[in-house]
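Q: after the sequence you'll find the predicted model.
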Protein chains: 2
Amino acid sequence: MTARTSHETAREIPEATVARLPVYLRALSTLSEGGTTVCSSEDLAAAAGVNSAKLRKDLSYLGSYGTRGVGYDVDYLRYQIAREMGATRDWPVVIVGIGNLGHALANYSGFRSRGFRVVALLDADDRRHGEVVAGVVVRPFTDLRAIVHEHGVAIGVIATPAAAAQDVADTMVGAGITSILNFAPTVLNVGLGVAVSKVDLSKELQVLAYHEQRKATAEPA
Amino acid sequence: MTARTSHETAREIPEATVARLPVYLRALSTLSEGGTTVCSSEDLAAAAGVNSAKLRKDLSYLGSYGTRGVGYDVDYLRYQIAREMGATRDWPVVIVGIGNLGHALANYSGFRSRGFRVVALLDADDRRHGEVVAGVVVRPFTDLRAIVHEHGVAIGVIATPAAAAQDVADTMVGAGITSILNFAPTVLNVGLGVAVSKVDLSKELQVLAYHEQRKATAEPA
DNA sequence: GGGATTTTGTTCTCGCGTTCACAAACTTCT
DNA sequence: AGAAGTTTGTGAACGCGAGAACAAAATCCC
Ligand SMILES: NC(=O)c1ccc[n+]([C@@H]2O[C@H](COP(=O)([O-])OP(=O)(O)OC[C@H]3O[C@@H](n4cnc5c(N)ncnc54)[C@H](O)[C@@H]3O)[C@@H](O)[C@H]2O)c1
Ligand SMILES: NC(=O)c1ccc[n+]([C@@H]2O[C@H](COP(=O)([O-])OP(=O)(O)OC[C@H]3O[C@@H](n4cnc5c(N)ncnc54)[C@H](O)[C@@H]3O)[C@@H](O)[C@H]2O)c1
């Protein structure tokens, strides 16, 4: 292992590893709730659905938090991963587009329990304003800038129709948001410093359908 | 290019490519709706948000559907990709767990427009039975087997709490479903012939939060 | 204390995916 | 018709990630 000071936070964690860390976090929480205090890489890998060698390699990017011959302390490891992920602090989030999906997201308790606090629900449609969803009132989209500044919001969620998504993204970036989770099926063009993550639900179904079709045509009995 | 008969459907399309084909499909639809009849790989790549070389290589796995010096016929290419993906036929789908997310999914028009037909909404809670969502009535989960056999359902969507997901998956597989889209934050154990695709919305937010934190700690001004 | 056992952390190798770069093929212009 | 210009399809180089394999380190047992 290379020497590093306690101040150095800039170790390069591969993107593929970062994407798995939340899965490990969740598996550790499940183990902890089940009363497990110590687990081996084999146990945790099984719970997370990955190869144990891959798990150990992933964890090695964070540091050496295990004990050879023993395994990992579940709560200690969970804390270390959470700290590395920024899950120990609270992240204020705004959701734009309170339709079918926006309602579901606003009601989703899994965000709150992982450190995401929905500070505002925004919609362009007057008729939605004033409605209270999960304890938060729906406000005009034009309030975005004020809310972002007031709460220091860095993360925005887009659940509007595709046609509106780019405009919403532009306004978000203009207001100071630097990370966007986009549910609209559109490619967003944003500046360099802005991260966009896209979730495309029908894409997932289409990939499944592709494999179904292959199964059907490959072995026509 | 290797010689192949018109009956051969078993060309190996890399998984990474399969995951992008739906994106190309959507980009082609957008272009077509905008009146574009022919486009270059550069145009399409821009619309899909990928590198043009990658796009051309992806398309080359399907065949040679472009014309050098000209580009691709938008509708023709769209049809070819749709055919390869199995998007030219209708896929019956069941959704299990009609809570917040289940309602949003049932109401989502994007599934229908991409060839997915929601033939049943199932829930274990009596109080939900009989409710009509998007024209489909919510029925008891115990009806699953009959519905799968009646409609020849191959694809199931799980939108139940995590604690119930494994049981639901087992029942689905027992009823004959071979592809599962899972929204519950759990690792599902299924047999070899069954494909599982997992969508974890809070994972996406957590990855964004990680990058936010890195931005904040890397350049503390 | 010391050997056997367990399990981590890391090195090494392999395969896949991405991207560059270019020849082949088609169109357009003269 | 031939030259110039475009754009595809693909060979080749490169980099990253997955997984096997092993050495180092801790525990257990006698
Ligand atoms: N419903 C689902 O399960 C689902 C699944 C996958 C993807 N999506 C995608 O998510 C998005 C939303 O889907 P939905 O079903 O909730 O649609 P919806 O029509 O129910 O809701 C969209 C909401 O966005 C608001 N809106 C429109 N333009 C706006 C703007 N410029 N600024 C702010 N708000 C605006 C509308 O007033 C409406 O309330 C769509 O892009 C859809 O493709 C939805
Ligand atoms: N709501 C969201 O936006 C959101 C976002 C991400 C992930 N999720 C995940 O999606 C799942 C559903 O979320 P939700 O917010 O809709 O929850 P919810 O509690 O609103 O709905 C769950 C539904 O599943 C039904 N159910 C429970 N056990 C069942 C069983 N064994 N068989 C059939 N039906 C059963 C319940 O009756 C209920 O109607 C959860 O796992 C959640 O973590 C939800």
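A: Right, received. Where do you want to start? Everything numeric here is computed off the predicted structure, so don't read it as measured data. Ligands and ions are numbered 1, 2, ... in the order given.
Q: does any bit of the longest strand seen in chain A sit next to ligand 2?
A: The residue-count maximum for a strand in chain A (DSSP state E) belongs to strand A:116-123. No: under the criterion of CB under 6 Å from any ligand atom, ligand 2 is not reached by strand A:116-123; the shortest gap measures 11.0 Å. Where you see a C-beta, it was placed from the backbone N, CA and C, and this is true even at glycine.
Q: quick one: that strand near chain B?
A: Yes: looking at strand A:116-123 against chain B by CB under 8 Å from any CB of the partner chain, the contacts come from residue A:116.
Q: who are the packing partners of that strand?
A: strand A:91-96, helix A:100-107, strand A:136-140, helix A:144-151, helix B:201-218 (3 or more CB pairs under 8 Å, 6 or more residues apart in numbering or on different chains; DSSP states H and E).
Q: buried residues in the shortest one?
A: Just to be clear, that refers to strand A:136-140. Neighbour-count burial for strand A:136-140, counted by 16 or more other CB atoms under 10 Å in any protein chain shown, picks out A:136, A:138-139.
Q: next, the nearest residue to residue A:200 once chain neighbours are set aside: phi, psi?
A: Counting by CB to CB, 6 or more residues apart in numbering or on different chains, residue A:200 lies nearest to residue A:185, which is 5.6 Å off, once chain neighbours are set aside. Phi and psi for residue A:185, reported as degrees, to the nearest 10, are phi -80, psi 70.
Q: so who does residue A:185 touch?
A: A:162, A:200, A:202-203, B:26, B:110 (CB atoms under 8 Å, 6 or more residues apart in numbering or on different chains).
Q: and the two most separated of those?
A: Spanning the widest gap among the contacts of residue A:185 are A:162 and A:203, at 13.2 Å by CB to CB.
Q: more crowded one of those two?
A: residue A:203 (22 against 16; other CB atoms under 10 Å in any protein chain shown).
Q: the residue in chain A that DNA strand D sits nearest to and DNA strand C: what is the separation?
A: Proximity of chain A to DNA strand D (CB to the nearest atom of the strand) peaks at residue A:69, 2.8 Å away. Noted for residue A:69: a distance of 3 Å to DNA strand C, by CB to the nearest atom of the strand, to the nearest Å.
Q: now the closest residue to residue A:176 other than its chain neighbours: how far from residue B:77?
A: Distances taken as CB to CB, 6+ apart place residue A:148 nearest to residue A:176, at 5.2 Å, with adjacent residues excluded. Distance, residue A:148 to residue B:77, by CB to CB, to the nearest Å: 41 Å.
Q: how about residue A:180, secondary structure?
A: At residue A:180, secondary structure determined by DSSP: H, G, I helix; E, B strand; the rest coil is strand.
Q: nearest to residue B:175 among the contacts of residue A:185?
A: Out of the contacts of residue A:185, the member with the shortest distance to residue B:175 (by CB to CB) is residue A:202, at 23.3 Å.
Q: contacting residues around the closest one?
A: Residue A:202 sits next to A:185, B:22, B:108, B:110-111, B:114, B:116 when contact means CB under 8 Å, 6+ apart.
Q: residue ranges in chain A under the pLDDT threshold?
A: For chain A, the stretches flagged by pLDDT under 70 are A:1-11, A:219-221.
Q: go with 90
A: A:1-12, A:192, A:215-221 (pLDDT under 90).
Q: would you pull up the residue in it closest to ligand 1?
A: In chain A, the residue that lies nearest ligand 1 is residue A:99 (1.7 Å; CB to the nearest ligand atom).
Q: and that residue, what does it touch?
A: A:123, A:159-160.
Q: that older thread, what about the residue of chain A closest to DNA strand D, distance to residue A:36?
A: 18 Å.
Q: go on, residue A:140?
A: Going from residue A:140 to residue A:36 by CB to CB gives 48 Å.
Q: repeat for residue A:114
A: As judged by CB to CB, residue A:114 and residue A:36 stand 20 Å apart.
Q: more crowded one of these two?
A: Neighbours were counted for residue A:114 and for residue A:36 using other CB under 10 Å; residue A:114 has more, 21 against 15.
Q: nearest residue to that one in space, please, no chain neighbours.
A: residue B:202 (5.0 Å).
Q: ok, residue A:100 - contacts?
A: B:103-104, B:107-108.
Q: measure the closest residue to residue A:128 other than its chain neighbours to residue A:56 for me?
A: Nearest-residue entry for residue A:128: residue A:138, 5.0 Å, with adjacent residues in sequence omitted and distances by CB to CB, 6+ apart. Separation of residue A:138 from residue A:56 (CB to CB): 46 Å.
Q: can you check residue A:105 too?
A: Residue A:105 is 35 Å from residue A:56, by CB to CB.
Q: likewise for residue A:135?
A: Distance from residue A:135 to residue A:56, by CB to CB: 42 Å.
Q: more neighbours, the two?
A: residue A:56 (16 against 8).
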